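Undergrad: Would you be able to build a 3D model of this:
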Amino acid sequence: MDNTTVDQMPRSTVSDPQQFTIALDELEQTGCLALITGTVDETVRATCSRQLFGAISRPHKRVLIHPGANALRLSSYLPHGITTTTSDVLSITGARLRGEMITPSNSTDIEQTTSPIDCTLFSRRLALLLADTEPTTDTFTPGELRLGILTTGELLDQYGQSVAQTLLTTVENQMRDRCGLAHCHLPVGSESSIATTLAEHTAIHIHLREREGLPPEQCWYLRDADCCSGWIPLNSDL
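TA: As a prediction, this is how the structure comes out:
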């Protein structure tokens, strides 16, 4: 049950727009991970992802980590006109990553699905997958690589908070190495204990909300700069 107050922002005051823009530009240059929370309809989360995956008018490499949902549903998270089969999109199922992350044992396959994750192996596997997206003659430009994770809740359910936290930190570090922008969905109340705990380990916390008769809204909090966008329409450019 979500007991979050829908109007609650990450901080009590909205930051100066110029200060917020400067801080966000710095994160886009260095690479970061954004945690997206809020008990909203999946279509709202998909809209947020389309925004974060970048405009189709600019060159991007897009990586989508998902629980193996159908292609039509997955494509709704990508910008219009782009699908999981588009050449600049790498679609990775959570099972594909877990198959490489499981600590070897003598147990059966069923038992192995709940075995502890080897986080070092996860990091190595993710690095190899991201290497497939890298330019052959140059490095990524800032913001060119975009990664979205639809499976944060799945990681929490299967492996617990500590492991999920470690894996998200690994993702953010690898995105910083490539000046990339990553985001992960956690469909729980933005003020829930798990959301606030994981948000402490990500550069950006994006709160989503829906109110009757009004368009969906987003509120961005940049942790290191202590900057808050305030509530704005979800389709607004930041």
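
Undergrad: Could you use CA atoms for every contact and neighbour count after this?
TA: Fine.

Undergrad: Helix, strand or coil: sort out residue 85 for me.
TA: coil (DSSP: H, G, I helix; E, B strand; the rest coil).

Undergrad: which of the residues in the top helix by length along the chain are buried?
TA: Counting residues, the longest helix found in the chain (DSSP state H) is helix 152-177. Judged by neighbour count (16 or more other Cα atoms under 10 Å), helix 152-177 contains these buried residues: 152-153, 155-156, 161, 163-165, 167-176.

Undergrad: Who's the closest spatial neighbour of residue 79, skipping the chain neighbours?
TA: residue 50 (4.7 Å; Cα to Cα, 6 or more residues apart in numbering).

Undergrad: Residue 221: neighbour count?
TA: 27 (other Cα atoms under 10 Å).

Undergrad: Quickly find the element holding it.
TA: Assigned by DSSP states H and E, residue 221 belongs to strand 217-222.

Undergrad: and that strand, what does it pack onto?
TA: strand 204-209, strand 227-228, strand 232-233 (3 or more Cα pairs under 8 Å, 6 or more residues apart in numbering; DSSP states H and E).

Undergrad: hmm, 10 Å instead?
TA: Secondary-structure packing of strand 217-222 (3 or more Cα pairs under 10 Å, 6 or more residues apart in numbering; DSSP states H and E): helix 17-30, strand 32-37, helix 42-52, strand 204-209, strand 227-228, strand 232-233.

Undergrad: can you redo those as JSON lines with mean neighbour count?
TA: Below are the helices and strands packed on strand 217-222 laid out as JSON lines (neighbours: other Cα atoms under 10 Å):
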{"stretch": "helix 17-30", "mean neighbour count": "15"}
{"stretch": "strand 32-37", "mean neighbour count": "26"}
{"stretch": "helix 42-52", "mean neighbour count": "19"}
{"stretch": "strand 204-209", "mean neighbour count": "25"}
{"stretch": "strand 227-228", "mean neighbour count": "24"}
{"stretch": "strand 232-233", "mean neighbour count": "15"}
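
Undergrad: Would you mind telling me which of the ones you listed is nearest residue 181?
TA: strand 32-37 (5.3 Å; Cα to Cα).

Undergrad: Tell me the pLDDT of the closest residue to residue 78 other than its chain neighbours.
TA: Leaving aside its sequence neighbours, residue 78 sits nearest to residue 50 (Cα to Cα, 6+ apart; 4.9 Å). Residue 50 is assigned 94 on the pLDDT scale.

Undergrad: got it, and residue 192?
TA: 94.

Undergrad: isn't it right up against residue 38?
TA: Yes. Here residue 192 lies in contact with residue 38, judged by Cα atoms under 10 Å, at a distance of 9.3 Å.

Undergrad: I'd like to know which helix or strand in the chain has the lowest mean pLDDT.
TA: Lowest mean confidence among the helices and strands of the chain (mean pLDDT, DSSP states H and E): helix 109-112, at a mean of 34.

Undergrad: quick one: residue 221 from residue 27, how far?
TA: Separation of residue 221 from residue 27 (Cα to Cα, to the nearest Å) stands at 12 Å.
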